[in-house]
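# Just a sequence and a predicted model for now, questions to come.
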Amino acid sequence: MPTKIRLARHGRKRRPFYHIVIADSRAPRDGRNIERIGSYNPMTNPATIDLNFERALHWLQVGAQPTDTCRAILSHEGVLMKKHLLEGVKKGAFDEAAAVAKFEAWMKEKQAKIDAKKSKLSNAAEELAKAKFEAEVKVNEERKAAIAKRLADAAAEAAAQEAPAEEAPAEETATEE
């Protein structure tokens with residue numbers, strides 16, 4: 001039976017969520033599958049991947065062919081690298097301890113890149129929030145200044161209307177004398 005490692009779509013409209021499954025290549029996309037080995041959520045940044053590493057490696061070793069997207073996911077998670085190193089051990093290119101050391105070094109480098117991206121995204125979000133806050137403070141200060149000016153103008157206008165009314169009787173008394 002030709003098996004494929006592929007994605008089965010779940011989730012609602014415009015909010016996809018995928019299960020990574022092992023299925024017969026003749027079965028429909030969301031139809032019957034042999035085994036579910038993980039999940040993939042592309043809506044988060046970076047995308048969330050939950051994968052059963054050992055089962056994915058097992059299925060690759062027994063001949064399951066991943067689709068293009070699944071191949072990218074398996075490569076990102078290191079399953080293809082591990083398979084490649086194990087093939088090198090079988091052929092006698094190096095021993096298993098060297099393969100494990102190479103894989104661990106590769107995974108540390110990969111994890112450092114992922115952590116750098118996450119910190120960059122969180123820093124960008126913090127800077128954006130700070131910029132929005134400063135813009136809001138500026139708008140509030142402008143509003144306060146405009147309100148204070150209106151109140152001062154209204155007070156000056158009220159004082160100007162009261163002052164001529166008080167001065168007028170004083171002028172009338174001065175002209176009568």
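Perfect, thanks for sending it. Residues are numbered from 1 along each chain as shown.

# Find the residue at the geometric middle of the chain.
N45 (2.7 Å; CA atoms, centre = their mean).

# Help me confirm that it comes into contact with A124.
No - with contacts counted by CB atoms under 8 Å, N45 stays clear of A124, the gap being 10.5 Å. Glycine gets a C-beta too; all of them are placed from N, C-alpha and C.

# rewinding a little: go ahead and report the secondary structure state at the residue nearest to the centre of the chain.
coil (DSSP: H, G, I helix; E, B strand; the rest coil).

# The residue nearest to it when sequence neighbours are not counted - how many residues pack around it?
Sequence neighbours aside, L121 is the residue nearest to N45 in space, at 6.3 Å (criterion: CB to CB, 6 or more residues apart in numbering). Residues near L121, counting by other CB atoms under 10 Å, number 12.

# Show me how far the one helix or strand L121 maps to is from its chain's centre.
Assigned by DSSP states H and E, L121 belongs to helix 96-176. Counting by CA atoms, centre = their mean, to the nearest Å, helix 96-176 is centred 25 Å from the centre of its parent chain.

# re the thing from before, so what does the residue nearest to the centre of the chain look like in phi/psi?
When read as degrees, to the nearest 10, the backbone of N45 gives phi -130, psi 110.

# Do you know the pLDDT at it?
pLDDT recorded at N45 is 83.

# ok, now the one 4 residues further on?
According to the per-residue confidence, I49 scores 95 in pLDDT.

# ok, it - contacts?
Neighbouring residues of I49 by CB atoms under 8 Å, 6 or more residues apart in numbering: G38, S39, Y40, N41, I73, H76, E77.

# which among those residues end up buried?
Among the contacts of I49, those classed as buried by neighbour count (16 or more other CB atoms under 10 Å) are G38, S39, Y40, I73, H76, E77.

# Farthest-apart pair in those, please.
S39 and H76 (13.9 Å; CB to CB).

# Does anything pack onto the lowest-mean-pLDDT helix or strand in the chain? Which helices or strands?
Least confident helix or strand, the chain: helix 96-176 with a mean of 86, by mean pLDDT, DSSP states H and E. Contacts defined by 3 or more CB pairs under 8 Å, 6 or more residues apart in numbering; DSSP states H and E place helix 96-176 against helix 79-91.

# For the helix it packs on, buried residues please.
Neighbour-count burial for helix 79-91, counted by 16+ other CB under 10 Å, picks out V79, L80, M81, K82, L85, L86, G88.

# Equivalent analysis for stretch 6-25, please.
For stretch 6-25, burial by neighbour count (16+ other CB under 10 Å) applies to R6, L7, A8, F17, Y18, H19, I20, V21, I22, A23.
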